[in-house]
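A.B. asks: what's the 3D shape of this:
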Amino acid sequence: MIAMSWPSYLTYKIFSLSCSLFLVATATFVLMHMIPGDPFSQEQTIPEEILKSLMSHYGLDEPLHVQYFKYLKGLAHFNLGPSFKYEGRMIQDVIQEGFGVSAVLGGFAFIIAIVSGSTLGTVAAFYRGKWQDWFSMLVAVIGMSVPSFILSTLLQYLFAMKLNLLPIARWGECKHMILPAISLASFPTAFIARLVRNNMIEVLEQEYIVAAKARGLSTLKILFRHVIPNCSLPVLSYLGPLAASIITGSFVIEKIFGIPGLGGWFVMSITNRDYTMIMGITLFYSAILMIAVFIVDLLCYSIDPRIRS
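C.D. replies: Numbers count the residues shown, from 1 in each chain. Prediction:
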């Protein structure tokens, strides 16, 4: 492999990111216009004259290639267009309104997943084969096996209906975030726990760790000086897609807990066949995912010298 300098690597990644976003925008546009029907006559039949007027107003009666180039021109100016179903609402305004809520919930769940998953994985690795290991992996298996919508219902029943400790739904105060954040963080917590455990066990079996123990270094020094730096790269590589999926993938959780996030808008846009809304939110989600992976790739490039060789 040819060694790449920082500017070359950064240029390559930015070019790849731009091409990926262009392909996503094109694929989404084509798929939306392949769907039978239109956004205006789903609930009830409307007169032909009104339908033609609406199609003309939004430019849907123009040739497909004309609509496509207008769409790309709007993207170049960060204009995602108007909603077909909500008159007077621009897509970027809807994203700005809903994403703030989804980002707060996702950020809280992201912190829970990292802290709890890393703790469970570390405990399981250091106490391999003991009850601590079995307990940590049991929690991980439950987290990966139980779907988030079932876990959400169980948490609502136990902590809201039976114990009356937390609100069952809605959004507003910090206490409203606890149950949905735990539900959203359950799977990534389990995945991180297993990932940390497997990598940490592999590192703990290396000769330099055995030598460090023989020199009498404490467990904490071995952990922070040798183990964590050498097993953090696989976990770090997962954090980019994890951050994007948690922040953007809370459709079901937001619906169950009545949270006014971006997921609800996305679900309604699919139901309403709101083309611009679907394309805008899909492209926004794709951009979040790609940017998160882009940042992680840069961190891995700076940390691991093997990538630069």
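A.B. asks: going forward, measure contacts between C-alpha atoms and count neighbours the same way
C.D. replies: Will do.
A.B. asks: I'd like to know how far Val66 sits from Gly264.
C.D. replies: 31 Å (C-alpha to C-alpha, to the nearest Å).
A.B. asks: more crowded one of those two?
C.D. replies: Per other C-alpha atoms under 10 Å, whichever of Val66 and Gly264 has more neighbours is Gly264, with 19 against 12.
A.B. asks: where's the more buried one relative to Ala185, distance?
C.D. replies: Gly264 is 19 Å from Ala185, where distance means C-alpha to C-alpha.
A.B. asks: Likewise for Cys300?
C.D. replies: Counting by C-alpha to C-alpha - Cys300 and Ala185 are separated by 24 Å.
A.B. asks: So the two - more neighbours on which side?
C.D. replies: More crowded of Cys300 and Ala185, by other C-alpha under 10 Å: Ala185, with 25 against 19.
A.B. asks: Tell me which helix or strand comes right after the helix or strand containing that one.
C.D. replies: Applying DSSP states H and E as the criterion places Ala185 in helix 175-204. Using DSSP H and E, the next helix or strand after helix 175-204 towards the C-terminus is helix 207-214.
A.B. asks: How far off centre is that following helix?
C.D. replies: Chain-centre distance of helix 207-214: 38 Å, with C-alpha atoms, centre = their mean, to the nearest Å.
A.B. asks: Give me the residue ranges of the stretch 1-150 of the chain where confidence is low.
C.D. replies: 1-4, 6, 36-46 (pLDDT under 70).
A.B. asks: Flag every buried residue along stretch 243-259.
C.D. replies: 243-257, 259 (16 or more other C-alpha atoms under 10 Å).
A.B. asks: other SSEs contacting the helix of greatest length in the chain?
C.D. replies: For the chain, the helix with the greatest residue count under DSSP state H is helix 91-126. In terms of contacts (3 or more C-alpha pairs under 8 Å, 6 or more residues apart in numbering; DSSP states H and E), helix 91-126 is packed against helix 131-145, helix 175-204, helix 228-248, helix 262-272, helix 275-303.
A.B. asks: Angles on the backbone of Val24, please.
C.D. replies: Per-residue torsions, Val24: phi -60, psi -40 (degrees, to the nearest 10).
A.B. asks: quick one, what contacts the nearest residue to it once chain neighbours are set aside?
C.D. replies: Distances taken as C-alpha to C-alpha, 6 or more residues apart in numbering place Leu283 nearest to Val24, at 6.7 Å, with adjacent residues excluded. The contact partners of Leu283, taken as C-alpha atoms under 8 Å, 6 or more residues apart in numbering, are 21, 24-25.
A.B. asks: okay, Leu283: pLDDT?
C.D. replies: We have a pLDDT of 87 for Leu283.
A.B. asks: Could you do the one 4 residues further on as well?
C.D. replies: Confidence at Ala287, expressed as pLDDT, is 85.
A.B. asks: Quick check: it vs Ile142, distance?
C.D. replies: Noted for Ala287: a distance of 31 Å to Ile142, by C-alpha to C-alpha.
A.B. asks: Would you confirm that Asn230 contacts Glu202?
C.D. replies: No. Counting by C-alpha atoms under 8 Å, Asn230 does not reach Glu202; the two are 9.9 Å apart.
A.B. asks: More neighbours: these two, which one.
C.D. replies: Asn230 (17 against 14).
A.B. asks: quick one: secondary structure of Met55?
C.D. replies: helix (DSSP: H, G, I helix; E, B strand; the rest coil).
A.B. asks: Adjust the sequence numbering to begin at 31 for everything that follows.
C.D. replies: Yes, from this point I'll number from 31; that puts the last item at Met85.
A.B. asks: Check which helix or strand the nearest residue to it once chain neighbours are set aside maps to.
C.D. replies: Distance criterion C-alpha to C-alpha, 6+ apart; nearest residue to Met85, sequence neighbours excluded, is Asp91 at 5.6 Å. Using DSSP H and E, Asp91 sits in no helix or strand.
A.B. asks: mind checking the backbone torsions on Asp91?
C.D. replies: phi -90, psi 0.
A.B. asks: That concludes my questions; thank you for your assistance.
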